[in-house]
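Undergrad: Here's a sequence, model it:
(2 chains)
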Amino acid sequence: MKRAIIVTVIAGLIGLAMFLIPVDPPPEAKEQSMTKTDNIVQRQARGAYLAQVGNCMGCHTMQGGQPYAGGHSLATSIGTFVTPNITPDQETGIGRWSEDDFWRALHDGKGRNGSPLYPAFPYTEYTKITREDSNAIFAYLQSLPPIQQRNPPNRINFPFNLRPLIYVWRAFYFEQGIYQPQAAKSDEWNRGAYLVQGLGHCNACHTARNPFGASQGNILGGGQLMGSNWYAPSLTSLQEASTADWPIEDIIELLTTGLSYRAVATGPMADVVSQSLQHLTSDDARAMAVYLKSLPETDPHSRGVAPPLTEEVDKLLQRGGELYETHCQDCHGNLGQGAPGAYPALTGNRGIMLASPINAIRSILNGGYAPVTIGNPRPYGMPPFAQVLHDEEIALVLSYIRNAWGNRGTLVSAVQVDRSRKGAQ
Amino acid sequence: MRPLALILLIASLFFTCSAIAAGIPPVEVPNTMAERVKACVICHGPEDKEGRDAYYPRIAGKPEGYLFNQLRNFRDGRRHYRPMALLLEGLPDQYLRDMAAYFASLRQAFPPPEPIGSSPAEIELARRLIMRGDPVRKIPACVECHGRDLMGTAPFIPGLLGLPRIYILAQFGNWRNGGLMRGQTPDCMSEIAKQLTADEATAVAKWLAAQPVSEALLKHEGPPSALPDKLARRCSSVLQSPGL
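TA: Residues are numbered from 1 along each chain as shown, chains lettered A, B, ... in the order given. Sure thing, here's the model as predicted:
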């Protein structure tokens, strides 16, 4: 604790000293300015791409707000975080930050004043980013128009609001270090691993978190998103969203359009596709796909037992089937076959049969649109049924879908639907 | 359990594969806006509808700019209704504009006027507020913004005829309580609603709902009409919409 204070004070003094150092460039630097400008423009362009791959905007922009000006709320188990303004505004943004400050935030998870950052900022993943990439992203952010926007403070619950506790957290859960390529693997695979593990921070959602907010358990083995009713499926279980048995082209298609014959990105993943993944270069998209496909298989989250088809269950499913005919069949088809590029097939759809039905319940309750991408600027959408169907009816129709056309899954109860209706969104 | 799970998994995979192999034709999807807004029309039908949780007004034929503004306001949380915010989450302005244009272009017959009996005093009160306002309390006449025929002013201001009484009343109530729009200043309708007494709001809503209205009166095309300067300033927040 005492050490923390000393460290903070020293860091503060260093920060102050750096602030006081004159910023006029030395004369030599001015002579080189021609080539330097070219370099800077290139670096900014590269940084713009990397910032997109890392989807910095996804968190650092509030709905309808100015890009990168922050203000977006993140609900977590320890409180609500409000993302900071990372435009180069002197007062409210990161206009006074240096390349080194930025690197320290990404690589070491520390703020400009040296105090540790909450891992809601995924530095546990960003630590794998190279210095060169960090500098490029910084150059890009500094080239943005400064936006003066002071965001409200975080609302973190006691005792997690005591910053020194982050040191304890870091001792347990933070491993600092740039991504180290594996010599036995191809360059493409290593590039994919770098993007998935680092900049893409897929882990932040697709790995379960413990009560302290640390990603724990199987890497990319699936987990519920904090403070939301979304489950990010396992990328390593063949019963969930593993792509081990997919052709590479299908994986690329899903990543960059959110739509593929085999699966559709919904909810937060739809946002990731439209804000970030659709912009991947074809090389990077392929590299990510190659790495994801190679992930070793793990067990799914416990699946529960699908109901034996007793007469009683049959009756329930029949009622579900009638509801399906009335409300779903028009788009998803009489055999759950769907329409490629518009309405997902439900037969054989792993997302529908997940042990936890929360994603499917949510989709039925709230509806939503497939990701908007350059190739699909006007996607088709799913209507919300929260105001049309009762909990009991949603449970019936979903139970039916989970057990029709060869699908098998546990029955869904009205209580589960009710919980989704009332729970966090 | 695991062997069973495996068998089921394999069975389902076989089924899927066989479904594809057997050539089950995919559902045919028309490449139209009507198909794309199915998520909207489940609530917003050709007629106003009272739902379980809310009132779903018809949106066909309303001015494009008005609809676009409402879509953005819902998406961004300025106009507060969670189901709309969830549905529109992540959709870019351009797509919202396409949706607005689609609904603005729809021609659908208006419902017949509501048979509401207003007393002569109520009719007089409503007519006075609608046509002349009340300058002492800074209440402008409805016709100043919503058009002489109350059918709206392109592209941002909606018409007032063809709306049910309870919808108009609910909107007055929401404006008064600040429940409709958040953080939008200046919010002219909110100021006006706060000035009106309950009796006045009721009289206006009844009168408006009782007027006959026909499709022919709708102003779909034509140049945007200008508002008087004073009102344009007062209502500036509803008149802003980049790109329209």
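Undergrad: tell me which parts of the stretch 151-300 of chain A are close to chain B?
TA: The stretch 151-300 of chain A has residues A:238-239, A:270-271, A:274-275 near chain B, with proximity defined as CB under 8 Å from any CB of the partner chain. All C-beta atoms are positioned from the backbone trio N, CA, C, and that covers glycine.
Undergrad: I'd like these as CSV, with secondary structure and neighbour count appended.
TA: Shown next, in CSV, are those (DSSP: H, G, I helix; E, B strand; the rest coil; neighbours: other CB atoms under 10 Å in any protein chain shown):
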residue, secondary structure, neighbour count
A:238, coil, 17
A:239, coil, 21
A:270, helix, 22
A:271, helix, 18
A:274, helix, 25
A:275, helix, 18
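Undergrad: Which single one of these is nearest to chain B?
TA: residue A:271 (4.9 Å; CB to the nearest CB).
Undergrad: my guess is the closest one meets residue A:371, correct?
TA: Yes. Using CB atoms under 8 Å, residue A:271 is in contact with residue A:371, at 7.3 Å.
Undergrad: show me the contacts for the residue nearest the centre of chain B.
TA: Closest to where the C-alpha atoms of chain B average out (CA atoms, centre = their mean) is residue B:59, at 5.2 Å. Contacts of residue B:59 were listed using CB atoms under 8 Å, 6 or more residues apart in numbering or on different chains, and they are B:40, B:44, B:67, B:103.
Undergrad: Poorly predicted segments of the chain, please.
TA: You didn't pick a chain, so chain A it is. The model of chain A has pLDDT under 70 over residues A:1-35, A:301-304, A:423-425.
Undergrad: ah, I was thinking of chain B
TA: Those would be B:1-22, B:179-186, B:214-226, B:236-244, if you go by pLDDT under 70 across chain B.
Undergrad: Show me the strands in it, by range?
TA: For chain B, applying DSSP state E gives strands covering B:49-50, B:55-56.
Undergrad: ok, and which of these has the densest surroundings?
TA: strand B:55-56 (a mean of 16; mean count of other CB atoms under 10 Å in any protein chain shown).
Undergrad: can you list residues touching both of residue A:271 and residue A:371?
TA: residue B:90.
Undergrad: where exactly do the strands run in the stretch 301-425 of chain A?
TA: A:368-369, A:381-382 (DSSP state E, counting those that start in this stretch).
Undergrad: For those, could you give me TSV that also reports mean neighbour count and distance to residue B:94?
TA: As requested, these are arranged in TSV below (neighbours: other CB atoms under 10 Å in any protein chain shown; distance: least, CB to CB, whole Å):
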stretch	mean neighbour count	distance to residue B:94
strand A:368-369	22	13
strand A:381-382	22	15
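Undergrad: and chain A, what are its domains?
TA: Residue ranges for the domains of chain A, per automatic domain parsing: A:35-174, A:182-301, A:311-422.
Undergrad: Out of these, the one nearest residue B:190 is which?
TA: Closest to residue B:190 of those is domain A:35-174 (CB to CB; 19.6 Å).
Undergrad: Pop out the phi and psi values for residue A:255.
TA: phi -60, psi -40 (degrees, to the nearest 10).
Undergrad: My read is that it contacts residue A:289, right?
TA: Yes. Residue A:255 lies in contact with residue A:289 (CB under 8 Å); the separation is 6.5 Å.
Undergrad: What residues of stretch A:69-79 count as buried?
TA: A:69-74, A:76, A:78-79 (16 or more other CB atoms under 10 Å in any protein chain shown).
Undergrad: Out of those, give me the two with the largest separation.
TA: A:69 and A:78 (24.4 Å).
Undergrad: quick revisit: most neighbours, which of the contacts of residue B:59?
TA: Neighbour counts for the contacts of residue B:59 peak at residue B:67, which has 24 neighbours (criterion: other CB atoms under 10 Å in any protein chain shown).
Undergrad: was I right about that one contacting residue B:106?
TA: No. With contact defined as CB under 8 Å, residue B:67 does not count as touching residue B:106 (10.6 Å).
Undergrad: thinking again about what came up before, can you redo the strands of the stretch 301-425 of chain A as CSV with distance to chain B?
TA: Shown next, in CSV, are these (distance: least, CB to the nearest CB, whole Å):
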stretch, distance to chain B
strand A:368-369, 6
strand A:381-382, 4
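Undergrad: How far does stretch A:293-305 stretch from one end to the other?
TA: Distance between the two ends of stretch A:293-305: 28 Å, counting by CA to CA, to the nearest Å.
Undergrad: neighbours of residue A:97, just the number please.
TA: Residues near residue A:97, counting by other CB under 10 Å: 21.
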